[in-house]
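Novice: Have a look at this prediction, sequence included:
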Amino acid sequence: MPAHETFYEVMRQHGITRRSFLKFCSLTAAGLGLGPEFAGTIAHALETKPRTPVIWLHGLECTCCTESFIRSGNPLAGDVILSMISLDYDDTLMAAAGHQAEELLAQTVEKYDGQYILACEGNPPLNEDGMYCIQGGRPYVEKLRYMADHCKAIIAWGSCASWGCVQAARPNPTRATPIHKVILDKPVIKVPGCPPIAEVMTGVITYMIAFDALPELDRQGRPKMFYGQRLHDKCYRRPHFDAGQFVERFDDEGARKGYCLYKVGCKGPTTYNACSTLEWNGGLSWPVKSGHGCLGCAEDNFWDKGSFYNAVTNFGAMGGVEATADRIGGVLAGAAAVGVAAHAAATAVSRLRSSEAKGAQHE
Amino acid sequence: MASTAADSVPGSQRQPVYVFELPVRIWHGLHALSILVLAVTGYLIANPLSSPPGEASEHFLMGNLRLIHFIAAYVFTIGFAVRIYWGFVGNKYSRELLYLPVWRRAWWHDLIEEVKFYLFLRREAPPNVGHNALAQFAMWIFNVLLGFFMIVTGFALYGEGLGLGSWADAWFGWAIPLLGGSQEVRMLHILGMWLFIVFTIIHIYMAIRADLVSSQSSVRTIINGWRTYRD
């Protein structure tokens, strides 16, 4: 394989027509929220720029990111992207296995030092020197560090790589640690979600290889174009929220009428993702559309945030006791009221006694 | 019982003192009112009422509750800012609740004596013209510290609605990742409301009690500004 072939050449080799290629470019431009003129920019970039290899590593994860990715709603986009990143290395999708596969990593580092994108699915466990995730006979964290040392930028796929997700939930016995806390010297783009939406994943990769730049990130390192708003901001049930019409139980009249799911614990108002606009499986549906609240899977630590079915969720209070803010507050306010009443009674008794004592003195 | 020289001055012979200037009294009223409105609307935002029947387009219940909450929040915040300004230009009592003079031995002494008074270990409250040390301590924790916390978390959440890059997001949005995320900030904001309720219960009790039991006026003072004394 020549080192400097372009994306376009690779796509053509995979049997994608020029017409399909141009369609993909305009679709991607629209998906990224860019104007129509950027379709040409993307096409030009893909035709002229040397192809950037993408190495896809898997740590502690469930492969739902890969599953989502290969179901990229538009099959065309999926084909194109798959041939684009063309799996120089991806444990799940590549043909090579064993020593052959591991050799590919060394070859990529040699050939594309400082040029490839490292896409990480899952995270490394750090306890016991990383022995909770062994690949090819050595801890995953070592492989991650080695590949990260030579990459251009890192994409942290999914909530595992971005935040830690379920394996990092309390008490996190393996000390599963998100990528940005392990690799400190490379830019990390977080694409959270459990899994992330396929079009978001393809969009982020395409942006990076087409423009040779990182997408604009928010405070927490997520691409603004997909994570700039909460589900709630673009939810089609939002009018019911504003009207105050809520589902109280999953079998009530409100549920049948498609009222807002906030009271049954929808985390749409606290979750940044593109579900309410892009939807899932090629725009077929998404959790709220199917009648269930958002779990907040794209948010940091969503496993430990208490009930998926309450709007007011738990705090991990002292001694492992969990309670909601309303419960803790109610107890505090009750204690204050009781304390005040007791103090008032004590005051009255004390005054009465002292006035009796005074009266006795006067006599 | 330990008693200082000032204790022995009969209350009826002490001159009234002008403690709370008009801006302070107006702020106190607005502050209390805004907290009441914020607590009621805030509670209903977290725990909404039952659904009104009919089409969504006929109602704007949640929208209006949030609107009232936001307006009250502006009253609270701007009032807080003006009150801090008044601490610089007002009389000496006006700055008492804005800082704790922890470097003063006398303040600590007053704090201990005041606690003793409320534990029935001394009969008369230590003499104070403005706020006593205990009141000052509580006001600082619950109004300055908690008030500031509620403003930061509140506007951070408000900024989520205004959107990334809005002024509220730019000024206060940092609080959301700092406190662990949007849901955590909401829960802490709710807990803050409960702490305000706890403070209010104790504050009102103590103010009325001071009127009834101690030799100095209290409730009347926040209405007309004058601290008067009696036996």
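Specialist: Looks like it came in fine.

Novice: Contacts made by stretch B:79-97 with the rest, please.
Specialist: Contacting residues not belonging to stretch B:79-97 are listed as B:18-21, B:23-24, B:27, B:30-31, B:34, B:98, B:129-131, B:136, B:139-140, B:143-144, B:147-148, B:151 [C-beta atoms under 8 Å, 6 or more residues apart in numbering or on different chains]. Where you see a C-beta, it was placed from the backbone N, CA and C, and this is true even at glycine.

Novice: Without its sequence neighbours, what residue ends up closest to the residue of chain B found nearest chain A?
Specialist: Proximity of chain B to chain A (C-beta to the nearest C-beta) peaks at B:W194, 2.3 Å away. Distance criterion C-beta to C-beta, 6 or more residues apart in numbering or on different chains; nearest residue to B:W194, sequence neighbours excluded, is A:G329 at 2.3 Å.

Novice: Show the contacting residues for the residue of chain B closest to chain A.
Specialist: B:W194 touches A:A325, A:D326, A:I328, A:G329, A:G330, A:L332, A:A333, counting by C-beta under 8 Å, 6+ apart.

Novice: The residue nearest to B:W194 contacts B:L188, doesn't it?
Specialist: No - using C-beta atoms under 8 Å, A:G329 makes no contact with B:L188, being 11.0 Å away.

Novice: Neighbour count for these two, which is higher?
Specialist: A:G329 (22 against 17; other C-beta atoms under 10 Å in any protein chain shown).

Novice: so for whichever strand or helix holds the more buried one, what's the average pLDDT?
Specialist: Using DSSP states H and E, A:G329 maps to helix A:325-362. Here helix A:325-362 scores 84 as its mean pLDDT.

Novice: Mind listing what's buried along stretch A:20-36?
Specialist: Across stretch A:20-36, burial judged by 16 or more other C-beta atoms under 10 Å in any protein chain shown covers A:F21, A:K23, A:F24, A:C25, A:S26, A:L27, A:T28, A:A29, A:G31, A:L32, A:L34.

Novice: Let me fix that, I meant to ask about stretch A:165-172.
Specialist: Buried, per 16+ other C-beta under 10 Å, within stretch A:165-172: A:C165, A:V166, A:Q167, A:A168, A:N172.

Novice: One more: stretch B:222-231?
Specialist: B:I222, B:G225, B:R227, B:T228, B:Y229.

Novice: Return the subset of these lying in strands.
Specialist: The strands, defined by DSSP state E, take in B:R227 from those.

Novice: Just put the buried residues of stretch B:222-231 in JSON lines and tack on distance to chain A.
Specialist: As requested, the buried residues of stretch B:222-231 are arranged in JSON lines below (distance: C-beta to the nearest C-beta, whole Å):
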{"residue": "B:I222", "distance to chain A": "19"}
{"residue": "B:G225", "distance to chain A": "26"}
{"residue": "B:R227", "distance to chain A": "21"}
{"residue": "B:T228", "distance to chain A": "20"}
{"residue": "B:Y229", "distance to chain A": "19"}
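
Novice: where along chain B do the helices fall?
Specialist: Secondary structure of chain B, counting by DSSP state H: helices at B:22-46, B:61-89, B:105-118, B:133-139, B:146-162, B:167-172, B:175-178, B:182-213, B:219-224.

Novice: Good, wrapping up.
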